[in-house]
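> take a look and give me a structure for this.
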Amino acid sequence: MQPQNQMQLQDQNQTQGSAQNQNAQNQQQNANQQTAQNNAPIPPRNLFRGEVRQVQQALDKAGISADDLDVFVPHQANMRIIDAMAKAMKLPERVVIARDIAEQGNTSAASIPLALDRMIDEGQAKSGDIALLIAFGAGLAYAAQVITVP
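Take a look at the predicted model:
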């Protein structure tokens, strides 16, 4: 093969390789955009709807309403979430709300028992009180239950 033809062949291969590389990059970018859309954060108002719905189910199964509660012990993720949940549930002002996060921080799965224990120790919750507990993880998994404080 002549040197001139060899150079033209190399140029063609580089051009084809460059086009294939660009095509692959475009496909990856499209896949990344689709993944980002599928994994986009759920708006907080939609998360709270699920949590508040779970709370209502727990109250319904216990045969009580928010007015019957004495104590509310939510997962101690952050104060803003705790306040928003209490507001969305329309808790009466007399219901004592655990705010252990201010002293303990977010202790993950231990936050509810730690907060309830502290409330009992400090006299904010007493034996026989009706308490609503709710836990959630990243806003996508949640559970609630009504208990009688031991």
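
> any idea how the protein splits into domains?
Here the domain parsing of the chain from automatic domain parsing is 1-40, 44-148.

> compare those domains and say which comes out lowest on pLDDT.
Here the lowest mean pLDDT among the domains of the chain goes to domain 1-40, at a mean of 53.

> can you show me the helices along the protein?
Secondary structure of the chain (DSSP state H): helices at 3-38, 44-62, 79-89, 101-104, 111-121.

> now for the fourth one, which elements pack on it?
Just to be clear, that refers to helix 101-104. The helices and strands touching helix 101-104, judged by 3 or more Cβ pairs under 8 Å, 6 or more residues apart in numbering; DSSP states H and E, are helix 79-89, helix 111-121. C-beta here means a position set from N, CA and C on the backbone, and glycine is covered the same way.

> single out the most deeply packed of those.
When you average the neighbours per residue for each of the helices and strands packed on helix 101-104 (mean count of other Cβ atoms under 10 Å), helix 111-121 leads with a mean of 18.

> sounds good, over and out.
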